[in-house]
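Student: no sequence on hand, only this structure:
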């Protein structure tokens, strides 16, 4: 006789088109890397850029574990953090003002109607005007929980998707950026308070419709280059806008805030046995 199947509730959410499977895992069931990748598969699973587990917190309201769609765990995801905050608030895990743990440190968040604001820590390791072999033009670099490369161009949307991904792959694992590689952002400046950007993400290995930590590093780089203020409205590839405020410091930014929509697309359940392969 077969054992009883375990149905797991989830919410499918997105922050400015950056989409996630979000699970209340305060019972600490956990998921294998293979199960995460299978759940994020857009043809055979629920489909998402990443998966978030909401776990019991210690000194904070809860703990967020974030996984890319390949099943690998990452230290931070800005839009994922905003979705985790909305999810926790909706389920009564946290109030409208909250603090939660991530692998990158404590994140503060506030629910403001349809928008969620998060303070996701500093930008460190800033390196400007890098010349990378095989890559035309200048590349800039900074870390906001995860590493990001930034390229400033006249029109970030000029390249078709396939051409953009091919360009980004030349930078994503470039040895000049270190063994971990980096997410790749291409940005164009509209004026000192507005930009448009697009991101190729590690672990997804494709362009995503938005990237929160990418917007934060982009804003930090533009501020240090003198191309923008420290408060910028970042238009995403998906057509939404993320509002970023940074406090520039010698090595990047000492404090950063990210705000924008965090939306529940739908809710459902899946059977764990369908994804946890023996």
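Tutor: Yep, that arrived. Values in this document were obtained by computation on a predicted structure and should not be read as measured data.
Student: pull out the buried residues from the helix or strand hosting residue 128.
Tutor: Using DSSP states H and E, the element containing residue 128 is strand 124-130. Of the residues in strand 124-130, those buried under the neighbour-count criterion (16 or more other C-beta atoms under 10 Å) are 124, 126-127, 130. Backbone N, C-alpha and C define where each C-beta goes, glycine included.
Student: what is the nearest of these to residue 220?
Tutor: Of all these, the one with the least separation from residue 220 (C-beta to C-beta) is residue 126, at 6.8 Å.
Student: ok, and the closest non-adjacent residue to that closest one?
Tutor: Computed as C-beta to C-beta, 6 or more residues apart in numbering, the closest residue to residue 126 that is not its neighbour in sequence is residue 252, at 3.9 Å.
Student: what pLDDT does the model give residue 30?
Tutor: Confidence at residue 30, expressed as pLDDT, is 89.
Student: no, scratch that, I was asking about residue 238
Tutor: As summarised for this prediction, residue 238 has a pLDDT of 95.
Student: shouldn't it be within a helix?
Tutor: No. Assessed with DSSP: H, G, I helix; E, B strand; the rest coil, residue 238 is coil; it does not lie in a helix.
Student: tell me the contacts of it?
Tutor: Neighbouring residues of residue 238 by C-beta atoms under 8 Å, 6 or more residues apart in numbering: 16-18, 209-210.
Student: and what of residue 6?
Tutor: Contacts of residue 6 by C-beta under 8 Å, 6+ apart are 29, 271-273.
Student: go through the residues you listed and name the one nearest residue 114.
Tutor: Proximity of the contacts of residue 6 to residue 114 (C-beta to C-beta) peaks at residue 29, which lies at 30.8 Å.
Student: separation between that closest one and residue 276?
Tutor: Distance of residue 29 to residue 276, computed by C-beta to C-beta, to the nearest Å: 10 Å.
Student: middle-most residue in the protein, spatially?
Tutor: Nearest to the geometric centre of the chain sits residue 77, at 3.3 Å (C-alpha atoms, centre = their mean).
Student: pLDDT at it, what is it?
Tutor: At residue 77, pLDDT is 97.
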